[in-house]
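**Student:** Below: sequence and its predicted model.
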Amino acid sequence: METICKINSGKTFTHATIGELSTFVGKQFIKECVGTTSCEISFGTLNPGQTAPFFHSHKQNEEIYIVLRGAGDFQIDNITFPVAEGSIVRIATHSSRSLRCTSATSMLYICIQAKEGSLEQYTLNDGFITEQTPIWK
Ligand code: ZN
């Protein structure tokens, strides 16, 4: 079910929403709607006791999972460990991963896929202060 909704866009931006995170259920990728060119991001939920439907691996992209709500177990190859709200897990290419929800409430997470080794500059090495005049009231 498509839950992402484009709100507005301009020459240099796209603004979309998946709605309130507290009521979001399922899996939603954002790339096609938002037009990202450097990464794919998805929102996912798992119900209490639910396990992701399969183990999977990536050829080119590392993945970063950020747990926003709930708790569970991660398995990466033959290592398993608990995760909870606030956990950040980075997984390299060519390793098999899955997760399951162990909390009484559903687990909500964000998964970011980006090409492993592609980040060349960031934060102060990439960003710079501009002279833009604020127009909000
Ligand atoms: Zn993946």
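**Tutor:** The structure has been received and is ready for your questions.
**Student:** Test my guess that Leu21 contacts Leu68.
**Tutor:** Yes - here Leu21 reaches Leu68: they are 6.6 Å apart, a contact under C-beta atoms under 8 Å. Heads up, the C-betas are built off the backbone N, CA and C, glycines and all.
**Student:** Those two: which has the busier surroundings?
**Tutor:** It is Leu68, of Leu21 and Leu68, that has more neighbours when counted by other C-beta atoms under 10 Å, with 16 against 12.
**Student:** residues shared between the contacts of Leu21 and Leu68?
**Tutor:** Counting by C-beta atoms under 8 Å, 6 or more residues apart in numbering, the common neighbours of Leu21 and Leu68 are Leu108.
**Student:** what's the offset of the helix or strand Ile7 falls within from the middle of its chain?
**Tutor:** Element membership of Ile7, judged by DSSP states H and E, is strand 5-10. Centroid displacement of strand 5-10 relative to its chain, using C-alpha atoms, centre = their mean, to the nearest Å, is 20 Å.
**Student:** From the contact counts, what lies against that strand?
**Tutor:** Helices and strands touching strand 5-10, as assessed by 3 or more C-beta pairs under 8 Å, 6 or more residues apart in numbering; DSSP states H and E, comprise strand 13-17, helix 31-34.
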